[in-house]
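In: Below is the sequence, then the predicted model.
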Amino acid sequence: MGNIIRENFDAGKSAAERVKNALSGKKLFAMVETYGCQQNVNDSQKYEGMLLEMGYELTDEREKADFIMFNTCAVRENAENRVFGNLGALKHLKEKKPDMVIAVAGCMPQQKEVAARIRAKYRHVDIIIGTHAMEKFPELLENVLEQRARIVDIEEHDTVCEGIPTNYGGGAKAFVSIMYGCNNFCTYCIVPYVRGRERSRQAEDILCEIKALAHSGVKEITLLGQNVNSYGKDMGQKEGFAELLKKVDEIDGIERIRFMSSHPKDISDEVLKVMAQSRHICRALHLPLQSGSDRVLKEMNRVYDTEKYLSIVERARELMPNLPLTTDIIVGFPTETEDDFEKTLEILKKVRYDSIFSFIYSKRAGTPAAKMTPCATEDEIKARFDKMLEVQNEISAEINASQVGEEQLVLVEGRSKNDPEMLSSRNEANKIVNFAGGDELIGKIVKVKITRAQTWVLFGELAEEDE
Ligand code: 5AD
Ligand code: SF4
């Protein structure tokens, strides 16, 4: 295991101040476009925080921006293709506005070949910055602004940097990263190659961040890590995550705690017990299965079999009856046969997830699975994918229908995008619940009676208060 470098954002802060002074008097706009997972959303909030510190204003219009960053994802090929397409489209913008600065950040350029491709073919990109260099961003931007040089920083070093300013967005919910990197090397996955080894933040730093969020009015936090169940192991703690959960549960003002992702091989009984006994941890668990075939799980290097997985589900539901579960499934792993796929469907029917995130396998260069010979055609895999959605939609619809008549506590997020008459909220299981109500409820937790259900969404009405 490499050495973990712990540092503060001091050098970045000084550079940010210098940029702010140099730009003073100019009204400049910046935008950060995010691709991929919640970790990337949280990273983008840090890039936005640094840009605000440097005096930029944020915009979500590319035409208006003087600085544009694509914070990218490398997990699947289609996300990468979207970035390449969108990068191409920025060329015209830059021709019209030569002073504009364009940056590509995140997991894509952390792959050397991809960084080289961007450098060679997208010459309008000024900054190429990997996942390991985030805290150096103000210095890199300073160099580009001063010298109009193109800069690439994709060096790998396992750093934990505290104190990067973050733009949480001002809502009632916030993401908090508790650890970075991944040690698991699932054979299909690029993440361990682009995000480095697991490294946990110190508990005091995490708790301090959450207390400040609670103070600013945040009610729900989601603790993020590629595998939160191994939080603290790199610092020699056995039950680090369970201990951290207990402490977060005690923070005044935080009414809902969620976490993701949980690797089934590492979830401890202690974590389940802490969840069951806690006051604020949502009774809902995201537990990625990936495949229901033991043979495929082995080839994926997931280190658990279906028996072990189902025993965790059973134990979790023994401690928390009817616990809502969600999962990730990959369809079309190279060696997956029709028979393996049927086994995945069996588990879906057995566990009865509230919903699933399903992905068609995407070959990632450099991973062990990329060398395996595919045994199904694209059409066969697409048919499996459609079949799986059909099976799952039926289960999701049944679960939702069974909740009609229930009273549920929901956190109100804002107006529904599809119907501005309605408020959009989330229940404890993180499912969308729409109901009619006034703006004064936004950001609050209220009780709603469920009146109608669809496959993905519940509808309700504000319930009478008990007293
Ligand atoms: N192809 C398809 N899906 C993938 N995932 C990770 N790598 C790949 C890949 N190469 C999925 C897994 C993981 C989720 C975040 O993305 O299901 O849990
Ligand atoms: Fe990828 Fe597996 Fe790590 Fe998740 S646990 S990020 S799937 S290698």
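Out: Okay, I see it. Numbering: from 1, shown residues only. Ligands and ions are numbered 1, 2, ... in the order given.

In: pLDDT value on residue 31, please?
Out: Predicted confidence (pLDDT) for residue 31: 98.

In: One more: residue 192?
Out: 96.

In: same deal with the one 5 residues further on?
Out: At residue 197, the model reports a pLDDT of 94.

In: My read is that it contacts residue 183, right?
Out: Yes. At 5.9 Å, residue 197 counts as touching residue 183 under the criterion of CB atoms under 8 Å. Placement of C-beta: from N, CA and C, glycine included.

In: Same question for stretch 85-94: list its buried residues.
Out: Within stretch 85-94, the residues that count as buried by 16 or more other CB atoms under 10 Å are 87, 90, 94.

In: give me phi/psi at the second one?
Out: Backbone torsions of residue 90, given as degrees, to the nearest 10, read phi -80, psi -20.

In: Nearest spatial neighbour of whichever residue of the stretch 201-350 of the chain sits closest to ligand 2, chain-adjacent residues omitted?
Out: Closest to ligand 2 within the stretch 201-350 of the chain is residue 226: 4.0 Å, counting by CB to the nearest ligand atom. In space, and not counting its chain neighbours, residue 226 is closest to residue 182: 3.9 Å by CB to CB, 6 or more residues apart in numbering.

In: Can you give me the distance of that neighbour to ligand 2?
Out: 3 Å (CB to the nearest ligand atom, to the nearest Å).

In: Residue 37 too?
Out: 9 Å.

In: Residue 47 now?
Out: 21 Å.

In: That residue against residue 70, yeah?
Out: No. Taking CB under 8 Å as the definition, residue 47 is not a contact partner of residue 70, at 10.6 Å.

In: who touches both of the two?
Out: Between them, residue 47 and residue 70 share these contacting residues under CB atoms under 8 Å, 6 or more residues apart in numbering: residue 105.

In: Verify the stated contact: the residue nearest to residue 226 with residue 229.
Out: No. Residue 182 is not in contact with residue 229 according to CB under 8 Å; the separation is 11.8 Å.

In: List the buried residues in stretch 445-452.
Out: For stretch 445-452, burial by neighbour count (16+ other CB under 10 Å) applies to 445, 446, 448, 450.

In: what helices or strands is the lengthiest helix in the chain leaning on?
Out: Ordering each helix of the chain by length in residues (DSSP state H) puts helix 378-401 first. Helices and strands touching helix 378-401, by 3 or more CB pairs under 8 Å, 6 or more residues apart in numbering; DSSP states H and E, are strand 325-331, helix 338-351, strand 355-360, strand 445-453.

In: got the residues of the stretch 51-200 of the chain near ligand 2?
Out: Counting by CB under 6 Å from any ligand atom, the positions of the stretch 51-200 of the chain adjacent to ligand 2 are 182, 184, 185, 186, 189, 191, 192.

In: Flag every residue of the stretch 251-400 of the chain that's near ligand 1.
Out: Contacts of the stretch 251-400 of the chain with ligand 1, taken as CB under 6 Å from any ligand atom, map to 288, 290, 328, 330, 359, 361, 362, 364.

In: Looks like the first one contacts residue 262 (just checking).
Out: By that I understand residue 288. Yes. The pair residue 288 and residue 262 passes the contact test of CB under 8 Å, sitting 7.5 Å apart.

In: quick one, what contacts residue 22?
Out: By CB under 8 Å, 6+ apart, residue 22 lies in contact with 142, 145, 146.

In: Quick one: neighbours of the first one, just the number.
Out: Under the neighbour criterion other CB atoms under 10 Å, residue 142 is assigned a count of 17.

In: just the second one next, same as before
Out: Burial of residue 145 is recorded as 18 neighbouring residues (other CB under 10 Å).

In: mind checking pLDDT for it?
Out: Confidence score, pLDDT, at residue 145: 94.

In: dump the residue contacts of the nearest residue to residue 233 once chain neighbours are set aside.
Out: Excluding the flanking residues, the one nearest residue 233 by CB to CB, 6+ apart is residue 240, at 6.5 Å. Contacts for residue 240 were tallied using CB under 8 Å, 6+ apart; they are 200, 203, 231, 232, 233.

In: Who wins on neighbours among those residues?
Out: Among the contacts of residue 240, residue 231 has the most neighbours (other CB under 10 Å), with 28 neighbours.

In: can you tell me how far the residue nearest to it when sequence neighbours are not counted sits from residue 23?
Out: In space, and not counting its chain neighbours, residue 231 is closest to residue 241: 4.1 Å by CB to CB, 6+ apart. Residue 241 sits 42 Å away from residue 23, going by CB to CB, to the nearest Å.
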